[in-house]
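# okay, sequence plus prediction incoming.
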Amino acid sequence: MTSALETQFDTLIDGILERGYGIADDFLTADEVQALATRLRARREQGQFRAAGIGNQNTTVEKQIRGDEIHWLDRAEATPEELTFLDRVDAFVQYVNRTCYLGLRDYEFHFALYPAGTFYKRHLDQFRTDSRRRLSVICYLNTDWQETDGGQLALYLPAEDGTEQTLTVAPIGGRLVCFESGKLEHEVLPATRERLSVTGWLKN
Ligand SMILES: O=C(O)CCC(=O)C(=O)O
Ligand SMILES: [Fe+2]
């Protein structure tokens with residue numbers, strides 16, 4: 001029997017195969033969004049966030065390229081709401097491996113907070129020196145997000161005739177976006193309010 005979760009996983013996988021990206025609008029419930037957003041804020045208040053870097057080791061902080069602050073999740077010290085999220089990711093990884101033979105073996109996730117006005121310029125998530133990132137996964141933790149708040153994820157989709165289409169996706173709480181890390185260039189547009197997410201990579 002197909003569960004609701006598997007239907008959602010199928011939607012994501014079909015989207016990636018057919019269009020290059022998948023979107024699931026209720027990957028998290030409103031309560032789960034609230035709980036994770038509260039955890040994110042608590043960890044930030046405890047001083048656990050760092051300015052995100054660029055490049056392979058994430059060491060170069062370059063605010064003209066990306067202005068978010070991040071905290072890497074660690075199963076060993078995860079809270080129950082973080083574990084619930086990681087377990088769902090785990091189920092997705094297993095489902096992808098059963099259906100798509102991508103051979104995913106590992107994943108890494110971080111909380112991200114973009115202060116108002118910050119952005120992440122157009123980029124690809126795969127590094128030349130590390131091609132183990134296969135799928136990029138972003139799950140938004142914003143309650144009551146309005147179109148006028150900005151902060152969309154812009155996806156640059158190559159068309160068959162060599163042109164490019166830009167699709168913008170609002171960072172609505174509970175929504176999950178997934179795409180192939182080595183293929184799809186994308187960008188985070190500035191928002192007028194704080195923008196929260198949990199972002200990660202499913203890897204070989
Ligand atoms: O938050 C988003 O919408 C995308 C984040 C992103 O591109 C990244 O962290 O590499
Ligand atoms: Fe990215």
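Everything's here; your move. Bear in mind that the values here come from a model prediction, so they are computed numbers and not experimental data. Ligands and ions are numbered 1, 2, ... in the order given.

# name the nearest residue to the residue in the chain positioned nearest to ligand 1, ignoring sequence neighbours.
Closest residue of the chain to ligand 1, C-beta to the nearest ligand atom: Leu153 (3.6 Å). Where C-beta positions appear, they are placed from N, C-alpha and C, glycine not excepted. Closest residue to Leu153 apart from its sequence neighbours, by C-beta to C-beta, 6 or more residues apart in numbering: Val169 at 4.6 Å.

# tell me the pLDDT of the one you found.
Note on Val169: pLDDT of 98.

# list the contacts of it.
For Val169, the residues meeting the contact criterion (C-beta atoms under 8 Å, 6 or more residues apart in numbering) are Ile23, Gln152, Leu153, Ala154, Leu155, Arg175, Val177.

# ok, back up a step: can you pull up the bridge partners for the residue of the chain closest to ligand 1?
Val169, Val188 (DSSP bridges).

# list the beta-bridge partners for the residue sitting nearest the centre point of the chain.
Among the residues of the chain, the one closest to the centroid is Ile138, at 1.4 Å (C-alpha atoms, centre = their mean). Applying DSSP bridges to Ile138 yields these beta-bridge partners: Val177, Thr199.

# apart from its neighbours in sequence, what residue is nearest Ala35?
Among residues not flanking Ala35 along the chain, Glu81 sits closest, at 4.1 Å (C-beta to C-beta, 6+ apart).

# for Asp14, same thing?
In space, Asp14 comes closest to Gly22 once its chain neighbours are excluded; the distance is 7.1 Å by C-beta to C-beta, 6+ apart.

# gap between the lengthiest helix in the chain and the chain center?
The helix of greatest length in the chain, counted in residues with DSSP state H as the criterion, is given as helix 80-100. How far helix 80-100 lies from its chain's middle: 14 Å, per C-alpha atoms, centre = their mean, to the nearest Å.

# beyond it, next helix or strand please.
Sequence-wise, the next helix or strand downstream of helix 80-100 (DSSP states H and E) is strand 106-114.

# who does that following strand pair with, and is each partner parallel or antiparallel?
Based on DSSP bridges, the pairing partners of strand 106-114 within the sheet are strand 69-72 (antiparallel), strand 195-203 (antiparallel).

# got a list of contacts for the longest one?
The one in question is strand 195-203. 36-37, 40, 70, 73, 85, 89, 92-93, 96, 102, 104-114, 125, 132-142, 151, 171, 181, 188.

# same deal with the first one?
Here strand 69-72 makes contact (C-beta under 8 Å, 6+ apart) with 40, 43-44, 48-52, 108-113, 115, 199.

# cool, and stretch 31-45?
Contact with stretch 31-45 is made by 28, 49, 69, 71, 79, 81-82, 84-85, 111, 113, 140-143, 173-174, 196, 198, as judged by C-beta under 8 Å, 6+ apart.

# pLDDT weak spots in this protein?
Counting by pLDDT under 70, the ranges of the chain that qualify are 1, 56-59, 128-130.

# could you rerun that using 50?
Within the chain, no range satisfies pLDDT under 50.
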